[in-house]
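Participant: I would like the atomic coordinates for the input below:
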Amino acid sequence: MRKPENGSMSRMHAFETNMSLTGSNADYRTMVKPSEHGKVATALLQAITGQGGTNSLPESVQAAVINAAKDLKKAGSKGLVLAGSNELDVQRVVNAINNAALGAVWDPPCSLIDENGLVPRAPRRHSSSCRQDMQNAR
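Facilitator: Take a look at the predicted model:
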């Protein structure tokens with residue numbers, strides 16, 4: 001919930017292939033090809049941490065990635081990256097962004113993806129804390 005009267009507001013950047021309700025409500029919406037989802041995630045990781053390889057994204061998409069990275073760096077541990085993709089490699093890159101670069105909102109006791117590619121359930125105390133922060137517009 002946004003409460004501009006409490007100070008700064010969060011920002012949402014959406015990189016999507018098809019128009020969605022989430023994307024239409026985003027502050028910044030960038031159209032990408034389905035084949036570019038992994039490249040966008042990798043470019044975001046690279047822009048935030050310097051990790052990851054270079055990739056060839058259109059100039060407008062690369063500019064949007066850089067803007068998103070700036071906002072995520074500014075947000076620090078209050079930032080969060082989510083992927084709508086079911087591709088395991090994309091999820092791993094997103095987890096790397098959240099864990100290493102942003103300080104992980106969930107603060108999990110271990111990697112979010114184990115060696116078998118399974119995602120352990122996050123501890124309840126973290127999800128309830130996050131829910132409270134969201135309700136209080138933090």
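
Participant: got any ranges where this structure has weak pLDDT?
Facilitator: The model of the chain has pLDDT under 70 over residues 1-4, 7-8, 52-54, 100-138.

Participant: Tell me which stretches of it form strands.
Facilitator: 13-16, 28-31 (DSSP state E).

Participant: how about Thr22, what does it touch?
Facilitator: By Cβ atoms under 8 Å, 6 or more residues apart in numbering, Thr22 lies in contact with Ala14, Glu16. From N, CA and C alone the C-beta is placed, and that goes for glycine too.

Participant: Highest mean neighbour count out of the strands of the chain?
Facilitator: strand 13-16 (a mean of 20; mean count of other Cβ atoms under 10 Å).

Participant: Please spell out which residues along the longest helix along the chain are buried.
Facilitator: Ranked by residue count, the top helix of the chain under DSSP state H comes out as helix 59-75. For helix 59-75, the neighbour count (16 or more other Cβ atoms under 10 Å) marks Val61, Gln62, Ala64, Val65, Ala68, Ala69, Leu72, Ala75 as buried.

Participant: so the second one touches Gln46, yeah?
Facilitator: No. With contact defined as Cβ atoms under 8 Å, Gln62 does not count as touching Gln46 (10.4 Å).

Participant: burial count for Lys33?
Facilitator: The tally of other residues near Lys33 (other Cβ atoms under 10 Å) stands at 12.

Participant: so it makes contact with Asn18?
Facilitator: No. Contact criterion Cβ under 8 Å: Lys33 and Asn18 do not qualify, at 11.1 Å.

Participant: which residues touch Val40?
Facilitator: So Val40 contacts Phe15, Val32, Leu57, Val61, Val65 (Cβ under 8 Å, 6+ apart).

Participant: Quick check: Ala41 touching Val90?
Facilitator: Yes. Between Ala41 and Val90 there is a contact under Cβ under 8 Å: 5.2 Å.

Participant: anything in contact with each of these two?
Facilitator: By Cβ under 8 Å, 6+ apart, Ala41 and Val90 have these common neighbours: Ala83.

Participant: the more surrounded of these two?
Facilitator: Taking other Cβ under 10 Å, Ala41 and Val90 do not tie; Ala41 has more neighbours (26 against 18).
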